[in-house]
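test case, fold it:
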Amino acid sequence: MEALGINLTGLIAQVINFLLLLFILSAVAYKPVIKMLDERSRRIKESMENAERVKQEVARSEEEVKKRLDQARQEAQSLVNQAMQAGERLRAEEHDRARKEADEIIARARAEIQRERDDAMERVRQQFADLAVVAAEKIIRTRLDKEAHKALINEVLEESARLRNN
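Coordinates of the predicted model:
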């Protein structure tokens, strides 16, 4: 081997050095590096699993939020409908109350008008009776000819006008 330019003792020393270095590196550096890489791989895997779990929880949370929003919308719509019905009911009640008040006012006004009309008719009857009595007195006192009759009518009308003015 020396003819090839290979020194056997040097080669054996280099092989032993290489194996010794390989053993030292594997004991000191390779195992810790592998252990560190395995640990890192495990953490990445856990992180991925956690991320997937969080993603599923977020999806569930979003679904639950959507359900709650839908439920809140339905409740809000129900409240709006109830409020509208209550408003309609109050409006109808107020309309009925206003109608009743108006009917009562109209009835009182009609009664008042009827009473005033009756009073006016009674006064007219009284005045007419007074005029009839006055006219009868005049007729009895005088004998009626055409001129006396006209004068009597004019006199009764004048007295009627005076009574109305009083």
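
let me know the helix or strand that the residue nearest the centre of the chain is in.
With the centre of the chain defined as its mean C-alpha position, the nearest residue by C-alpha atoms, centre = their mean is Val80, 5.0 Å away. Taking DSSP states H and E as the definition, one finds Val80 inside helix 31-141.

helices or strands up against that helix?
For helix 31-141, the elements it packs on are helix 146-165, judged by 3 or more C-beta pairs under 8 Å, 6 or more residues apart in numbering; DSSP states H and E. (Glycine included, C-beta is placed from N, CA and C.)

now the angle from the helix it packs on to helix 31-141?
Here helix 146-165 points in a direction 150 degrees away from that of helix 31-141 (axes from the mean of the first three to the mean of the last three C-alpha atoms, to 10 degrees).

list the buried residues in helix 146-165.
Leu152, Val156, Glu159, Ser160 (16 or more other C-beta atoms under 10 Å).

which of the residues you listed sits closest to Arg125?
Within those, distances to Arg125 taken as C-beta to C-beta reach their minimum at Ser160, with 13.5 Å.

hmm, back to that, nearest to Leu11, of the buried residues of helix 146-165?
Checking those against Leu11 with C-beta to C-beta, the nearest one is Ser160 at 167.1 Å.

only C-alpha atoms, please: export stretch 30-44 in CSV.
Extracted C-alpha coordinates of stretch 30-44, given in CSV (Å, rounded to 0.1, in the frame of the first residue of the first chain):
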residue,chain,number,x,y,z
TYR,A,30,-26.2,14.1,17.6
LYS,A,31,-28.4,12.9,20.4
PRO,A,32,-29.2,16.3,21.8
VAL,A,33,-29.8,17.7,18.3
ILE,A,34,-32.1,14.8,17.5
LYS,A,35,-33.8,15.2,20.8
MET,A,36,-34.2,19.0,20.2
LEU,A,37,-35.6,18.3,16.7
ASP,A,38,-38.0,15.7,18.1
GLU,A,39,-39.1,18.1,20.8
ARG,A,40,-39.6,20.9,18.3
SER,A,41,-41.5,18.5,16.0
ARG,A,42,-43.7,17.5,19.0
ARG,A,43,-44.3,21.2,19.8
ILE,A,44,-45.2,22.0,16.2
